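Q: 3D, please:
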Amino acid sequence: MGALIWLASYPKSGNTWMRSFLHNLFRNSHKPVSVNEIDDFCLSGSAAGWYRKYTATPPEQLSEEEIARYRMQVQRDFTTVFPDSVFVKTHDYLGEYMGAPLQNMEVTAGAIYIVRNPLDVVISMAPHFGISLEEAIVLMASEDASTTTHERHVAEHYGSWSTHVRTWTRRPSPGLLVMRYEDMLDKPKKSFKTVTNFLGLKPSPERLERAIRFSSFKVLKAQEEKEGFKERPKTSQSFFREGKRDQWREKLTPDQVRQIISVHHEQMDRFGYIPEDYRDAVPASSSAATA
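A: Predicted coordinates for the structure are as follows:
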């Protein structure tokens, strides 16, 4: 049996990019691995099919209490898929929901967490979920933010962007690697080399560079345009939109920027996401340096 390595992030923060990089790295093919094959390599923590072993109730009819009852054993079952590390994608915050753990730490070896500037996250979230920017800003601030259970996936529980980031990153550990999406964009070779070092891998420079190139946004977007992407929600016209940083300066109004900063300033400050020209949006009574 293997042990779980969580690939965790708030939605629209680079999780699919990380999964594609690792898949290309391990496959070491001389052409890009199809984006529609990444679930062959990395499990989805919310995949509903795993629950069928424990109940005759169709997944879409499972209550939150039933999901919580089976979740720890389902995650233990994940460890049987590969003999060593088992990568599992999740958008759940780290902690408990309705008094039950969202992650089985007894079978967990570590986690890679990707954080992205919420000013850009909200721009990607809006078309992804088929909602307005204002609705996305509200959703990102909601502690009740979650998906619903259906035949393919059980509900994921995001919490607010701040809660998500805080719960995964507040306790540094040798088993936790925290990555900034912006660093992955600006310094891909250095960033992904950090990932391979964390996993105890020593790929050749050529293999590393090839995995980075084959998982680039340009390649992933071209694959989606050619063959579609099965993880694209019906509410979105495309999963891979632009993959850039700092688009918020063109897409958000000053009031929207201040609204996001006023709610999320503590975690934004930790990761260097508060623009100097918007420092006045941080509440005067707050201690923005406090995690």
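Q: from here on, contacts and neighbour counts on C-alpha atoms
A: Fine.
Q: so Gly95 makes contact with Met105?
A: No: Gly95 is not in contact with Met105 according to C-alpha atoms under 8 Å; the separation is 10.2 Å.
Q: what about this protein, any weak spots by pLDDT?
A: 1, 223-244, 286-291 (pLDDT under 70).
Q: so the nearest residue to Leu176 once chain neighbours are set aside, which state does it fall into?
A: If you skip the residues right next to it in sequence, Leu176 has Ala111 as its closest partner in space, 5.0 Å away by C-alpha to C-alpha, 6 or more residues apart in numbering. Classification of Ala111 by DSSP: H, G, I helix; E, B strand; the rest coil places it in strand.
Q: quick one: the helices in the protein, in order.
A: Assigned helices in the chain, in chain order: 15-27, 38-41, 64-78, 118-129, 133-141, 161-169, 181-186, 188-198, 205-214, 217-227, 248-251, 254-270 (criterion: DSSP state H).
Q: which parts of the fifth one are buried?
A: Buried residues in helix 133-141, counted by 16 or more other C-alpha atoms under 10 Å: 133, 136-137, 139-141.
Q: ok, the fourth one next?
A: The neighbour-count criterion (16+ other C-alpha under 10 Å) identifies 118-128 as the buried residues of helix 118-129.
Q: what do you get for the longest one?
A: Neighbour-count burial for helix 254-270, with 16+ other C-alpha under 10 Å as criterion, is recorded at 256-269.
Q: check stretch 137-154 too.
A: Along stretch 137-154, the positions that meet the burial threshold by neighbour count (16+ other C-alpha under 10 Å) are 137, 139-142, 146, 149, 153-154.
Q: quick one: residues contacting the closest residue to Arg76 other than its chain neighbours.
A: Leaving aside its chain neighbours, Arg76 sits nearest to Val107 (6.4 Å; criterion: C-alpha to C-alpha, 6+ apart). Contacts were defined as C-alpha atoms under 8 Å, 6 or more residues apart in numbering; by that measure Val107 touches 3-4, 75-76, 79.
Q: for those, pick the one with the most neighbours.
A: The most crowded member of the contacts of Val107 is Leu4, carrying 26 neighbours; neighbours defined as other C-alpha atoms under 10 Å.
Q: wait, that one sits on Gln103?
A: No: assessed by C-alpha under 8 Å, Leu4 is found out of contact with Gln103, at 9.9 Å.
Q: picking that back up, now the buried residues of helix 133-141 in JSON lines, with distance to Ala68?
A: Listed next are the buried residues of helix 133-141 as JSON lines, based on distance: C-alpha to C-alpha, whole Å:
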{"residue": "Leu133", "distance to Ala68": "32"}
{"residue": "Ala136", "distance to Ala68": "27"}
{"residue": "Ile137", "distance to Ala68": "29"}
{"residue": "Leu139", "distance to Ala68": "23"}
{"residue": "Met140", "distance to Ala68": "24"}
{"residue": "Ala141", "distance to Ala68": "24"}
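Q: list just the nearest of those to Asp277.
A: Taking C-alpha to C-alpha as the measure, Asp277 sits nearest to Ile137 out of these, at 20.2 Å.
Q: which residues touch the closest one?
A: The neighbourhood of Ile137, defined by C-alpha under 8 Å, 6+ apart, consists of 122, 260.
Q: quick one: the helices of the chain as TSV, columns for distance to Arg52 too.
A: Compiled in TSV, the helices of the chain are given as follows (distance: least, C-alpha to C-alpha, whole Å):
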stretch	distance to Arg52
helix 15-27	26
helix 38-41	19
helix 64-78	10
helix 118-129	28
helix 133-141	31
helix 161-169	28
helix 181-186	35
helix 188-198	34
helix 205-214	35
helix 217-227	30
helix 248-251	42
helix 254-270	38
